[in-house]
Structure formats: C-alpha cells, structure tokens
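Engineer: Just the structure for this:
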Amino acid sequence: MASPLENTAGRGDQPLATLCGVSFSYPLPGGGSRPALRDVSLEVRPGESLVVLGADGAGKSTLAAILAGVAQPAGGEVTRSAAAEPDAPPVLPVGLVTQNPEDCFSSPVVREEMGVVLENLERDPCEIDSAVDAMLAEIGLAGHAGSHPALLSGGQKQLLAIASVLVAAPPLLVLDEPLTLLDAPGRAEVDRLLGRGRGTAAATVYCTSEVEEAARGDRVVVLQRGTVVWEGAPRDLPHDAARLGAWGLLPPEPCGAMGRFPAASSKTEGCRGGEVSARHAAMTDRAPRERFHGGPAPPEDCRLTEPAAGTGPDPARAISPDSPSITITDLHFSYDPGTPRERPVLRGVDLVAHRGELLGVIGAIGSGKTTLIQHLNGLLPLQRGRVDVVGRVLEPGTRLKRLLHAEVGLVFQFPEKQLFAETVAEDVAAGLEFAGVDEALIPERVRAALERVGLDPDDSGERAPFALTWGEKRLVAIAGVLVLDTPCVAFDEPGAGLDPVGRRRVMDLLADLAHREGKTVVVVSHHLADLFRVADRVAVLHEGRVVACGTPENPFDSGGLGRWGLL
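Structural biologist: Numbers count the residues shown, from 1 in each chain. You can find the predicted model right below:
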C-alpha cells in the first residue's frame, strides 16, 4: 500500500525523512502500555538503501509504520521532504510492504491488486494496464491474474505485495521483512526488482533480522528493544557471536544449505526412505539428541499402492510403532474444480511419515506444499486419493474432519488465521476447552505451552494476540497446537516471521517432539539450512508431485535442487 506523507520540510539536499527522539508504545488490555520505540533518531537520505537490523520485538515494524506515516509517534518529531526533482510532487509518496503480505491486499482479484497504487496516484488507465500486465508477467503471476489473492501460495502473495508497490516506483520504499515467505529464486527476483531503483533519488528502508542481509544497504542501523544501539556501514558491522548475541542476533550462515551436505551421486526419484539416522546430529553445534526408537526403520521404497477395498485399518486402533502414522496415496487436488479457472495443484502425491520422525517438505513457490499439509487434518476436502492418519482413513466423501483434529495439530502459514481470543492465554486454552479438558488443569498446561515456545506467560498471557509481532503470533499459534498433545503435528513455515535465534529454537523444539516424544512431525519450510539440520528425511514437491525424498546428509544433487526451482 502507499501513504502520501505531508511535506513538512524543504527540498534540496535534505533527507527524505528524519526521526528525532521518536517514541511509541502499545496499550495493554488491562491498562498501561508496552514501549516499542525509545528515543529513536535517524535519517533516510535520497538514493540510499538503509537496512534496519534487529531481533524479534526490537521495534522494526513500528519504525516502518512511522516512516510510512500509518502510525504517529507518541513523542519526538518526524519530518519529511519530497525528492529534489523538477517534477516531484508536493507530497512524498511512500510505498510500504508489511511483514504479512495479506495485510497489503485490498482487491479480490490479483490483476486489480497490482494496479491499486497506480490508480490511487491517478495514472492514465492505459499506462496502468500496460504496467500491470508487464509486472505480472515479470514475477510469474500472469496466469493468476484473474484469481483471488487468497488462492496464491505464501511466496506468491509476498511477491504480489512487493511488486504492487514497486510498480509505482515510489521515492521512498519501506520493506518490513520482505523475504520471509520466499525461497532462494523468489529472493533473487525481489533483488532484481529492487535493483531498478539503484542510481536514482529513490530511497529504500529494509527491515530484517538476518545479519547477512545487512549487505543490501549503504548504511545499517541496529535496533534493540526499541533503541538504536549501532549505526554504520555494512562492512563495519560486528560479525562475532558475542556482540551479535547481545543484540539477539546470530552471525551469518557460513554457507548455503547445500554447502552443509555432500552432493548425492544421483537423484532419488519418487519418495525413497532410508534408515532414520542420527548421523546428522553431529553436524550441528549441539550434542547428539536422545532419539525415539519406537519401531523399525521406514521401508526402502515409500511409493504407495492403492489398498484393496475393505482392507483399510481399523479407525479405532491406537498408534502402532511398526507402521506409518501418515500415509498419503495418489493425492490430487485442484482449486476451482470444474470451472474455467480450475487450477491443479497436487497431481498424484505419494508420501509417508513415521512415528518419531521429522519429515521436511520443500519445494518452489506454488509447488503445492501448503495444499498438501492442509489435507492432513481434513481442512481441504479430498477430491481424489487417500489419506490415512493414525489408522483413520480419509477418502472422497469421508467425514472425519473433527476426528482428525484430535490426531493432527496444524500450524498455519499465516498465524493470524488461528488466533481469535481477547488474550494470548485464552487463545491457547481454547482448544483444551473445546476438547473438554478439566478446567482445573488448563491454566498449568497453557503456561507450560507458552514457556515451551519461549514466551513468558506472565508477560504475554494477558496481551491481545493481534497486538503481537508477527513472530510472536506464530509462537502463540504453535503453543495453541502443542497444548493439545496430538500424536501428529504439521507446521507450515514455522520459522517465518522469526529471527534466526527464534527460528533455531523452534526447529529444535520440533525435533524434540519427534525424537524425544515420538510424535510424527511434518514441517514445510524454505529455510533449507534450518530444516536440514533437524530433519530425518526431506521430500521435494515439484509441480504437485513428490520428485525426491532422502536424508539430509545426502539429500539430492545440487543440480536437482536448481532444476526444481530451489536454488
């Protein structure tokens, strides 16, 4: 979205935006407030790229909102100046891309969404049509022009949100964690789009928690608990663990995800399992994990065949350690089936996940990852194929959704979609209340779940969920699933919105659910290094099919990852 900001300063060589002693606080439900920014002073200069670096809760999103003019500071001054160009407008148009791309959308059609900013700027209709068509084609969404933005994958939504602002070439662009839901090719696409503005008077403010992204800037500002604690050139930013750790940050990864693992001699077709191995524990900076050994290794060949009619397992039986917890057979799914807009997403997926195993699912933007895991607890109706979860068989026409909720806990890609209560504690407790758990036991279970995801129950429990950062919302959503103690859990991009420290903590937690508690854990993620560090097997989705599956030590050849749009 774009926000025209009042021109309160002259032109010339002055900064586009200046913050002087700015403070901001969020009100708490029970009274009082929570400081987000404390005496922040900085400038955004014409033509520069400013990186604002900080851990979760440092105040980056609040700073972005104030720079864009969608939030007003409680204290201090904000002055803004339009660019010093002959045809510059009397006000400074600012493009803002929020951390959650869905917050940017206002139109029910992708093509209309792409043109909203241009329409607000009263551009010529012919110019708008031409610019929209060109941008959609450039980011690979021309085929989705008539779709609702909600039907896009998370990465496609993020590309749409960024491109719909960049198409207007604003003189000041503010990006809040713009790469959260993008894989490596998607990030490269954003870099290419942002590169258009280099060498002009346009300025970019880039908020991130990833230290390696500091290299995107001409200048870096580090925020910690709402205060500027460091400012300088990217080359001067400390990279030692002690200094960064004091700011809640981690040093950059020494290499890419594939650099951690030897290349495979040949790609593995279909879904091939191997022995669930603990060898990759030695590749982490932690001691080898205690592991769950509830049964034999997964079978060598995970390709599935359709069972004979009437031979399905008893829906009432308990988990058996000598059989898969989740079996997906020939799964197909299309959005808008039977209409001119029908869009096949899954095209015959075969996959198994075992008790005590963490199975990773990776794939390029739009490969069908989210659609796949939403079948695990009946969120999407089964169109063709079969899903067997802990002995409960779901086929077309089967009505087992409510029963599957007791077997599979699912954390959505966008955490806001599963938060609804007035306070965090009430939200986490809601599932237990629905399940009929004794009221006397609920407070302690809620407290334990919040502590387990790294949230202080005394500090967070009475806060409003929608007043949290995007990363904190994700932690609350995870706690709301963990508290139910289901035998299977599925997570869609659990690290999105979290800084590297929080992402590592969450991935370690998911590994413990599998390896210490014996749960079946399925994780969709584009953070390959984080996922490979803890996963037992990783499956690759490509154009709606599982094209490979293997152990992280030797998952796939690097050429294969590139061929599948992952590098």
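Engineer: mind listing what Ala184 touches?
Structural biologist: His526, Leu566, Leu567 (Cβ atoms under 8 Å, 6 or more residues apart in numbering). C-beta here means a position set from N, CA and C on the backbone, and glycine is covered the same way.
Engineer: Looking at the residues you listed, state which has the most neighbours.
Structural biologist: Among these, the one with the most neighbours (other Cβ atoms under 10 Å) is His526, at 26 neighbours.
Engineer: which residues does the nearest residue to that one once chain neighbours are set aside contact?
Structural biologist: Leaving aside its sequence neighbours, His526 sits nearest to Asp183 (Cβ to Cβ, 6 or more residues apart in numbering; 4.2 Å). Contact analysis of Asp183 by Cβ under 8 Å, 6+ apart lists Gly155, Ala364, Ile365, His526, Gly565, Leu566.
Engineer: Looks to me like Glu212 is in a strand.
Structural biologist: No. Counting by DSSP: H, G, I helix; E, B strand; the rest coil, one finds Glu212 to be helix, located in no strand.
Engineer: Quick check: it touching Leu249?
Structural biologist: No. Using Cβ atoms under 8 Å, Glu212 is not in contact with Leu249, being 10.6 Å away.
Engineer: And the contacts of Asp183, which is closest to Cys488?
Structural biologist: Nearest to Cys488 among the contacts of Asp183: His526, at 22.0 Å, using Cβ to Cβ.
Engineer: contacting residues around that closest one?
Structural biologist: Contacts were defined as Cβ under 8 Å, 6+ apart; by that measure His526 touches Gly155, Leu181, Leu182, Asp183, Ala184, Ile362, Glu493.
Engineer: Pick out the most distant pair among the residues you listed.
Structural biologist: Ala184 and Glu493 (14.7 Å).
Engineer: Tell me the one of the contacts of His526 nearest Lys60?
Structural biologist: Using Cβ to Cβ, Leu181 comes nearest to Lys60 of the contacts of His526, at 16.7 Å.
Engineer: Show me which residues of the helix or strand containing Ala490 are buried.
Structural biologist: Using DSSP states H and E, Ala490 falls within strand 488-492. For strand 488-492, burial by neighbour count (16 or more other Cβ atoms under 10 Å) applies to Cys488, Val489, Ala490, Phe491, Asp492.
Engineer: want to throw the residues you listed into CSV with pLDDT?
Structural biologist: CSV is the format used below for these (pLDDT from 0 to 100):
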residue, pLDDT
Cys488, 95
Val489, 96
Ala490, 96
Phe491, 96
Asp492, 94
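Engineer: May I see those residues arranged in a markdown table, with distance to Ala188 as well?
Structural biologist: Below are the buried residues of strand 488-492 laid out as a markdown table (distance: Cβ to Cβ, whole Å):
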| residue | distance to Ala188 |
| --- | --- |
| Cys488 | 35 |
| Val489 | 32 |
| Ala490 | 28 |
| Phe491 | 25 |
| Asp492 | 23 |
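Engineer: low pLDDT regions in the stretch 401-550 of the chain?
Structural biologist: Where the stretch 401-550 of the chain drops to pLDDT under 70, the residues are 401-404.
Engineer: the strands in it, which residues?
Structural biologist: Taking DSSP state E, counting those that start in this stretch to define them, one finds strands in the stretch 401-550 of the chain at 408-411, 488-492, 520-524, 537-542, 545-550.
Engineer: how near is the nearest residue to Ser23 once chain neighbours are set aside to Gly31?
Structural biologist: In this structure, Ser23 finds its nearest non-sequential neighbour in Gly75, 4.0 Å apart by Cβ to Cβ, 6+ apart. As judged by Cβ to Cβ, to the nearest Å, Gly75 and Gly31 stand 20 Å apart.
Engineer: out of the two, which sits in the more crowded spot?
Structural biologist: Relative neighbour count places Gly75 above the other of Gly75 and Gly31, with 12 against 6, counting by other Cβ under 10 Å.
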